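> let's see this in three dimensions:
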Amino acid sequence: MIGLHDATVLRTLHILSIPFRFALIVGVLGLLYPRAGQNAFARVETALANFSQRRPLAVLSIFFSVIILRLLALPFLHVPVPGIHDEFSYLLLSDTFAHGRLANPTHPMWMSFETFHVNWFPTYSSMYPPAQGLALAVGQILGNPWIGVLLSDAAMCAAILWMLQAWLPARWAFLGAVIVALKLGIASYWMNSYWGGAVAAMGGALVLGGVARIVKRARVRDALLLGLGIAILANSRPYEGFLLCVPVAAWFLWWLVGKTKSLDSPRVRLTCVVAPLAIVLGLTAAWMGYYNWRLTGNALLMPHVLNTRTYHTTALFLWERPKPEMHYRNQQFEDFYNGWERENYRNNHADALRVSWEKLFRGGVTYFWPGLLLALPALPFVFRDRRIRLPLITVVIGVVGVFVVIWSAAHYAAPITCAIYLLVVQTMRHLRTMRIGTLPTGLSLSRAIILALLFDAGVNTYRHVCDPLIWACQGDPSRTAIATRLNHTPGKHLIIVRYTDDHNIHDEWVYNGAEIGNAKVLWARELTTEQNAKLLTYFKDRKVWLVTPDTDNTYLEPYTPPNAPQVPEK
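Okay, the predicted model is just below:
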């Protein structure tokens, strides 16, 4: 795994090399010729600044622009194929909701279908919170789960613009939304996969945008949007969302008790903010309790906690030690949970540094781009800027919270996305005022940063790069091709998946939707002779096939048990 990790990093660095060289060139040109193209830049900036003053229209334009740009990029970046364990679990969640259910009954042959990040008792269901699955279900109902990804990513960009409008002048807020759209709305795994980011980021934007408006003027609308943001966070990324809400709650309480300047009386604060917010939070708690009860049988037991207790023995935080090993019903689980997971972190300093570097690298690649290095001279001014103290604190707490957890992908920090880009824009605002003598050096560098971002998004799209972290959004189309072929073949089908001893445990093929009994195509794991016989007897009305992903991931043949006698040819 160390070799694979190094190869993945090298591939990402290779992808970044061209945008980095372009950023270096435009940065040098900006320093040497700070007044170059000033009239052209000024005209574009003035037009966008005037447009940004029409705030509701600006929000709508960002939403539809993201959708249009990503659809125009389809010849280069196709509809994504799932490949990560998490993606298939989210797609199960989507399919369950699309069938009008919260959970599915446990199937009698569940051992043959057992797979990662899925609970089987007391119900067959995804372990993940429901928000991302609901977004995918909307897309599935409209024709494809990826439509839900497209809509949620566009909604995230619009929500972040709405949030930035509460903290920044309109033109700078619009610039921030454009940055988010270019970085996370086209060639990003947030748009080109199914395992989330946009939904939680939208929740964080509603929280920070709502509370910033409330402390200026108490309004029911903003209280409801604040409550909606908290509800989204609680149902998408509850841990990281809670970390964001802690400083927000402190600031909110400070305002509520009258410690900040406000035109609203205590009575108005209670009736226009506290009461509607309490109603939304109460409904959220009731919904979460009911959802947990339907999936786990316990209103206080979340599905992912149940899955952790059932399958995982590794620690969650850096300082924790792993539990004793468990025994699993198939070799792939043994290799994943007792092998890879336990070997990935052994509770020592070397592993702590390695996983921390992993988070730093993934987060830097996901949220930033090479041209942003030109803004480093202005970064110290941001830390002394009292106007954005709350977003700065939320980013610090959120980053610390992510780094103390062993496991992390970049979208784990999604709740603080809006605050991250607020800091980026504020850094550029400070950079724009910097001069060398009489030369507007900071102004030219700020323009070079945006040119570098435009180039970064454009060149990655043209090169068919779904994300610089290419592994995060590059599923194997072979499984999909086989399923599509059998979906167009008469009858119902059961596919037995046979792995070799050197199988890559991150390349799982055994995933199914909500309707196991009625599905036209089912994927099952080859287990013991006894279990295989039970499976074949139960599904005796289906045509049974064999796939061997580790030897030929495109070949499909009629299934023959491993030790079955061979019929001699005539």
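> hey, let's count contacts and neighbours off CA atoms from now on
Fine.
> what strand or helix carries residue 141?
For residue 141, the element it lies in under DSSP states H and E is helix 130-142.
> in that helix, which residues are buried?
In terms of neighbour count (16 or more other C-alpha atoms under 10 Å), helix 130-142 has its buried residues at 130, 131, 132, 133, 134, 135, 136, 137, 138, 139, 140, 141.
> taking the mean pLDDT, what do you get for it?
Helix 130-142 carries an average pLDDT of 98.
> would you mind giving the buried residues of helix 130-142 as a markdown table with distance to residue 185 added?
What follows is these, written out as a markdown table (distance: C-alpha to C-alpha, whole Å):
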| residue | distance to residue 185 |
| --- | --- |
| 130 | 22 |
| 131 | 19 |
| 132 | 16 |
| 133 | 19 |
| 134 | 20 |
| 135 | 16 |
| 136 | 16 |
| 137 | 20 |
| 138 | 19 |
| 139 | 17 |
| 140 | 20 |
| 141 | 22 |
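> wait, which of those is closest to residue 367?
residue 132 (20.0 Å; C-alpha to C-alpha).
> list the contacts for that closest one?
Counting by C-alpha atoms under 8 Å, 6 or more residues apart in numbering, residue 132 touches 90, 195, 196, 199, 236.
> that one and residue 422: what is the separation?
Note on residue 132: its distance to residue 422, by C-alpha to C-alpha, to the nearest Å, is 24 Å.
> so where's the stretch 201-350 of the chain uncertain?
Along the stretch 201-350 of the chain, no part satisfies pLDDT under 70.
> can you give me the neighbour number for residue 100?
9 (other C-alpha atoms under 10 Å).
> can you verify it is assigned to a helix?
No. Residue 100 sits outside any helix when classified using DSSP: H, G, I helix; E, B strand; the rest coil, being coil.
> ok, the buried residues of helix 130-142 vs residue 350, which is closest?
For these, the nearest to residue 350 is residue 132 (34.3 Å; C-alpha to C-alpha).
> strands of this structure, residue ranges please.
118-119, 125-126, 493-497, 521-525, 543-548, 552-558 (DSSP state E).
> pretty sure residue 117 contacts residue 305?
No. Taking contacts as C-alpha atoms under 8 Å, residue 117 lies outside contact range of residue 305: 10.9 Å.
> could I get the pLDDT score of residue 197?
Residue 197 is given a pLDDT of 94.
> for the one 3 residues further on, same thing?
pLDDT for residue 200: 98.
> so who does it touch?
With C-alpha under 8 Å, 6+ apart, residue 200 has these contacts: 232, 233, 236, 237, 241, 414, 415.
> let's see it at 10 Å
Residues in contact with residue 200 (C-alpha atoms under 10 Å, 6 or more residues apart in numbering) are 131-132, 152, 156, 206, 229-238, 240-241, 411-417.
> wait, what's in contact with residue 148?
94, 132-142, 154, 191, 194.
> that should have said residue 482, apologies.
495, 521, 547, 553, 554, 555, 556.
> what subset of these is buried?
495, 521, 547.
> ok, the residues you listed vs residue 146, which is closest?
Where those are concerned, and distances follow C-alpha to C-alpha, residue 146 has its nearest neighbour in residue 521, at 20.7 Å.
> pLDDT score for the nearest residue to the closest one once chain neighbours are set aside?
Among residues not flanking residue 521 along the chain, residue 493 sits closest, at 4.8 Å (C-alpha to C-alpha, 6 or more residues apart in numbering). On the pLDDT scale, residue 493 is placed at 98.
> any idea of the mean pLDDT in the top helix by length along the chain?
When the chain is parsed with DSSP state H, its longest helix is helix 2-32. For helix 2-32, the mean per-residue pLDDT is 86.
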